[in-house]
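Engineer: Coordinates only, no sequence provided:
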């Protein structure tokens with residue numbers, strides 16, 4: 001769509017528009033898709049110039065390892081045939097198992113799915129913005145901004161679950177707002193599926209369910225029958241129960257092993273469960289305000305031009321001011337943006353909020369943008385010179401394009417880091433060890449996927465027995481109980497092990513410029529339990 005046409009639409013979009021023709025919707029979708037594909041092409045071009053096809057995180061290979069075993073009939077396992085709840089996003093893992101079952105290239109499949117889901121999330125976020133503002137132009141602008149957002153482009157190509165849960169989370173919010181006017185119960189199922197794709201999105205359920213229940217008690221729903229009130233709650237229970245059942249079946253715990261391995265007992269809720277009252281009080285004061293501040297600064301960094309719009313939008317959606325009546329439940333977007341980081345801070349402050357490009361917060365980033373666009377539309381109705389807001393939006397889009405040129409080389413550098421370090425180590429192990437070798441390592445993704453060896457995870461993500469020794473820093477007794485043939489670690493993470501030269505002897509070292517990996521080099525050690533047949537060239 002030409003720039004002049006875009007500005008014209010946005011300048012006259014303050015009133016509710018009639019439903020546009022299907023062809024016009026299609027054109028807008030093509031424009032958004034073209035923008036996203038162009039950004040992805042640029043990222044990929046720089047990636048292939050710097051290295052070969054890959055991912056910016058080692059965690060992406062963890063999903064593919066699970067998916068490969070599921071596709072080959074080995075069940076939900078990391079080491080073939082041994083069930084384990086090592087995937088924090090089991091729905092994404094199951095989605096990846098489909099192309100793996102069909103024999104498609106795993107990297108291309110993960111990236112292709114990510115791009116398609118990101119496009120769907122952008123278009124759906126546009127519908128959410130349009131629903132709230134009654135402006136088709138606001139929806140188009142929202143979708144276009146997301147299509148060229150460096151964070152969303154990173155997520156599309158990352159091989160991670162971010163695009164899936166962002167789509168389902170935004171879809172759930174839009175479905176709920178529509179349900180307040182139609183009574184449709186499907187928002188409960190969508191929230192459950194979103195949580196199965198990323199547990200942090202389960203937070204949407206208590207927020208929406210509380211609002212739903214209060215409205216039912218006040219007889220503000222389309223139908224006041226108990227069955228219509230309970231329907232979305234029961235639909236939520238289906239994927240939520242499946243999520244818990246999978247974890248119980250594979251590891252005997254209601255949550256994935258990743259939660260127990262990474263939480264370290266920190267946070268108010270874990271502290272209360274363990275009777276550490278002082279820690280619970282300190283964490284209740286420290287983490288919520290810290291996490292809320294981090295969310296605000298992160299979203300402002302991603303969309304620096306839209307901070308004022310977000311402030312105005314939050315005020316308008318919550319009814320603090322504004323001349324136009326808001327859609328029912330519009331205030332919930334602001335509630336979610338405030339409550340989600342606070343609830344995570346209370347329940348699970350580890351891992352940190354902004355780890356790995358903020359990959360736990362993509363649904364909140366999209367909701368922030370929708371609130372900001374709502375604020376821009378509110379400003380548009382109040383300003384005398386109507387061209388200011390559309391011109392400002394145009395400048396914002398141009399700046400986003402400039403941000404892509406900065407982020408694309410960073411993405412390529414991260415992919416190169418993982419390829420040079422973890423992927424290279426996996427290939428080395430595959431070449432130099434026997435098929436029955438046992439490998440203990442702290443970076444389990446690409447090493448497991450490419451080596452096809454039995455993995456002992458020293459971080460506890462797929463080896464439950466490692467969680468307690470890790471917390472106690474008793475690594476040597478744990479390794480003795482597992483008796484690995486090789487130990488592959490970042491020595492900076494395990495100074496106790498690196499210092500035991502009487503037990504662990506370095507035989508190989510893989511070095512790479514540190515970017516996304518945890519350290520600049522992986523060191524491969526021979527252990528006291530190394531079998532001659534397992535590592536023939538490196539055992540005297």
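Structural biologist: Ah, there it is. Remember, it's a predicted structure, so these values are computed and weren't measured experimentally.
Engineer: Would you agree residue 37 falls within a helix?
Structural biologist: Yes - per DSSP: H, G, I helix; E, B strand; the rest coil, residue 37 lies within a helix segment.
Engineer: distance between the ends of stretch 241-260?
Structural biologist: 19 Å (CA to CA, to the nearest Å).
Engineer: Could you tell me how far it lies from the centre of the chain?
Structural biologist: Taking the mean of its C-alpha atoms, stretch 241-260 sits 19 Å from the chain's own mean (CA atoms, centre = their mean, to the nearest Å).
Engineer: now swap in stretch 104-116 and tell me
Structural biologist: Stretch 104-116 has its C-alpha centroid displaced from the chain centroid by 16 Å (CA atoms, centre = their mean).
Engineer: cool, and stretch 517-527?
Structural biologist: 27 Å.
Engineer: can I see the domain layout of this structure?
Structural biologist: Split into domains by automatic domain parsing, the chain comes to 3-412, 416-538.
Engineer: rank the ones you listed by pLDDT, which is bottom?
Structural biologist: For the domains of the chain, mean pLDDT drops lowest on domain 3-412, to a mean of 89.
Engineer: could you redo the domains of the chain as a markdown table and give each row mean neighbour count?
Structural biologist: C-beta here means a position set from N, CA and C on the backbone, and glycine is covered the same way. Formatted as a markdown table, the domains of the chain follow (neighbours: other CB atoms under 10 Å):
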| stretch | mean neighbour count |
| --- | --- |
| domain 3-412 | 20 |
| domain 416-538 | 19 |
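Engineer: what lines up beside the helix or strand that contains residue 507 in the sheet?
Structural biologist: Using DSSP states H and E, the element containing residue 507 is strand 505-511. Note on strand 505-511: by DSSP bridges, its sheet partners are strand 521-526 (antiparallel).
Engineer: Contact partners for residue 262?
Structural biologist: 350, 351 (CB atoms under 8 Å, 6 or more residues apart in numbering).
Engineer: Recalculate using a threshold of 10 Å.
Structural biologist: Counting by CB atoms under 10 Å, 6 or more residues apart in numbering, residue 262 touches 88, 256, 348, 350, 351, 352, 355, 459, 460, 461, 467.
Engineer: which ones among these are found in helices?
Structural biologist: Residues of the contacts of residue 262 located in helices (DSSP state H): 355, 467.
Engineer: Between the contacts of residue 262, which sits nearest residue 128?
Structural biologist: The shortest gap between residue 128 and any of these belongs to residue 88, at 25.8 Å (CB to CB).
Engineer: mind checking how far that closest one is from residue 417?
Structural biologist: To residue 417, residue 88 is 22 Å away according to CB to CB, to the nearest Å.
Engineer: next one: residue 60
Structural biologist: Taking CB to CB, one finds residue 60 at 13 Å from residue 417.
Engineer: where do the contact lists of those two overlap?
Structural biologist: Common neighbours of residue 60 and residue 417, using CB under 10 Å, 6+ apart, are residue 54.
Engineer: which one of the contacts of residue 262 is nearest residue 138?
Structural biologist: Nearest to residue 138 among the contacts of residue 262, counting by CB to CB, is residue 355 at 32.0 Å.
Engineer: just the helices in the stretch 151-300 of the chain please.
Structural biologist: In the stretch 151-300 of the chain, the helices defined using DSSP state H, counting those that start in this stretch lie at 162-182, 187-197, 204-217, 226-251, 257-263, 268-273, 277-302.
Engineer: next structured bit after the last one?
Structural biologist: Proceeding C-terminally, helix 277-302 gives way to helix 307-317 as the next helix or strand, assigned by DSSP H and E.
Engineer: helices or strands next to that next one in the packing?
Structural biologist: Applying 3 or more CB pairs under 10 Å, 6 or more residues apart in numbering; DSSP states H and E, we find helix 307-317 packed against helix 106-133, helix 277-302, helix 332-347, helix 362-382, helix 388-418.
Engineer: okay, those in a markdown table with distance to residue 76 next?
Structural biologist: Below are the helices and strands packed on helix 307-317 laid out as a markdown table (distance: least, CB to CB, whole Å):
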| stretch | distance to residue 76 |
| --- | --- |
| helix 106-133 | 17 |
| helix 277-302 | 31 |
| helix 332-347 | 25 |
| helix 362-382 | 24 |
| helix 388-418 | 24 |
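Engineer: Please determine how far the closest residue to residue 122 other than its chain neighbours is located from residue 33.
Structural biologist: Nearest residue to residue 122, sequence neighbours excluded (CB to CB, 6 or more residues apart in numbering): residue 146, at 3.9 Å. Noted for residue 146: a distance of 12 Å to residue 33, by CB to CB.
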